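J.: Got a predicted structure here, sequence first:
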Amino acid sequence: MCLHYGQTLIILYLPKVPETEDRPLWRRMRFFKCRALGEYGMRRSPSELREKSMQKIRFGKTELMVSKVALGGIPIMRISKTDAAELVRGTIGMGINFIDTAHVYSDSEEKIGEGIKGMRRDDLVIASKSPADDKKTFNEHLDLSLKRLGVDYIDIYQLHNIGSEQRRDAVFAPGGAYEGLTEAVKAGKVRFPAFSSHSLPISLELVKCGRFDAVQFPFNYIDNAAEAELIPLAKKLDIGFIAMKPLGGGLLDNAGLSFRYLLQFNSIIPDPGVEKIGEIREIADIVTKNPALTENDKREIEKLRAEFGPSWCHRCDYCQPCPQGIAISSVLGARSMMRRFSPERFRSMIGPAMEKAKTCRTCGVCVSRCPYHLEIPRLLKENLSNWDGQTKAG
């Protein structure tokens, strides 16, 4: 039996042995060297073959070898379990071995667990998170993450969104979540301790404190606060860096431009979230080709930075739930959507959210929750004013 893998002809000899659960088909294949077209050698597994297409890099002091891009686990919450599992398997089939999710991402962990079922655990690097402040709740979250994912250990487990001094003090207090994390490492449930944050000062402090092996922080060509100090510091201290929201939570619709920018930084791992296999395939192709950022790209980035300005919504949705039921990130992202869709489609998609935004009572709950300290009621009014102008013009 012969088949092609890329430009290589692979000759398979299949012994007449029935397939069983502990002897799947690929383990009974013998891969022979074809002198004319390639040399994979003997007895290579599918995971070894995939490594030819996606470069792996060292993830800081963890010494883990991870793909140059990871799969983020938020958008798969919006698709079926079957579709999500197929997406996960297809992503891994492209050579992407790093998957990031969180306890609070609804059924994301469960869907990822379904997608990785039956795969060699050592071939994968799995990251998840807990928002707990105390050890008891942290342990409950971790055990549930392990159960949902169907694994015995999680490679990188993060204290989720440490964004204030109050939260930092809570997790490090006696009986706090960090105590649970260190005990989980000793017990073998977690390999490497990490944290995520949207606060630059807190992140700089925690990277320096010596208690973590990895950090996750927002980073893209608009939200580039990490560029000047945090990324260089993490690299210097050999801390793995996961670039959260590489596409700005969906606001940056040019994947080529986004990843040409990100690929300048050779020590970071972007973790885009996708809903369709074609989306991650496009990103994987860009990362594999590793194109350089051009002068035209730089001019386009400066133009877009000016358009977004300093008060743009990062679509983290930590402001939710709104007491009035307003879809805040949708309303604040209306201008971006306006550029991407026809007027008719734009109005049909955003209209209900804009009408709901008119019920804002400026209670300030959203402002107190926003990690970027945005003046959300004011921004809602500005977007509503712009919406009314477009509606009258249309």
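T.: Thanks, I have the structure now.

J.: Domain ranges for this structure, per the record?
T.: Per automatic domain parsing, the domain ranges recorded for the chain read 2-44, 56-299, 312-393.

J.: Using TSV, lay out those together with distance to R305.
T.: Heads up, the C-betas are built off the backbone N, CA and C, glycines and all. Formatted as TSV, these follow (distance: least, CB to CB, whole Å):
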stretch	distance to R305
domain 2-44	39
domain 56-299	6
domain 312-393	10
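
J.: winner for burial among those?
T.: Using mean count of other CB atoms under 10 Å, the stretch among those with the largest mean neighbour count is domain 56-299, at a mean of 19.

J.: That one spans what distance, first to last residue?
T.: For domain 56-299, the first-to-last residue distance is 30 Å (CA to CA, to the nearest Å).

J.: Please produce CSV containing the domains of the chain, extended by mean pLDDT.
T.: Output for these, formatted as CSV (pLDDT from 0 to 100):
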stretch, mean pLDDT
domain 2-44, 38
domain 56-299, 96
domain 312-393, 82
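
J.: Tell me which of those domains lies nearest to A306.
T.: domain 56-299 (10.4 Å; CB to CB).

J.: residues touching K56, list them.
T.: When contacts are counted by CB atoms under 8 Å, 6 or more residues apart in numbering, K56 touches M65, V66, S67, K68, N97.

J.: Tell me where the stretch 51-200 of the chain has helices.
T.: Here the stretch 51-200 of the chain has its helices, by DSSP state H, counting those that start in this stretch, at 81-93, 108-116, 135-149, 165-172, 177-187, 200-208.

J.: Mind naming the longest helix for this protein?
T.: Ordering each helix of the chain by length in residues (DSSP state H) puts helix 376-393 first.

J.: and the gap between the residue lying closest to A284 once chain neighbours are set aside and I277?
T.: Nearest residue to A284 in three dimensions, chain neighbours excluded: M94, at 4.6 Å (CB to CB, 6 or more residues apart in numbering). As judged by CB to CB, to the nearest Å, M94 and I277 stand 9 Å apart.

J.: Skipping adjacent residues, who's closest to R315 in space?
T.: Nearest to R315 is G249, by CB to CB, 6+ apart, at 3.0 Å.

J.: what are the ranges of the strands in the stretch 201-350 of the chain?
T.: Taking DSSP state E, counting those that start in this stretch, the strands of the stretch 201-350 of the chain run over residues 214-218, 240-244, 268-270.
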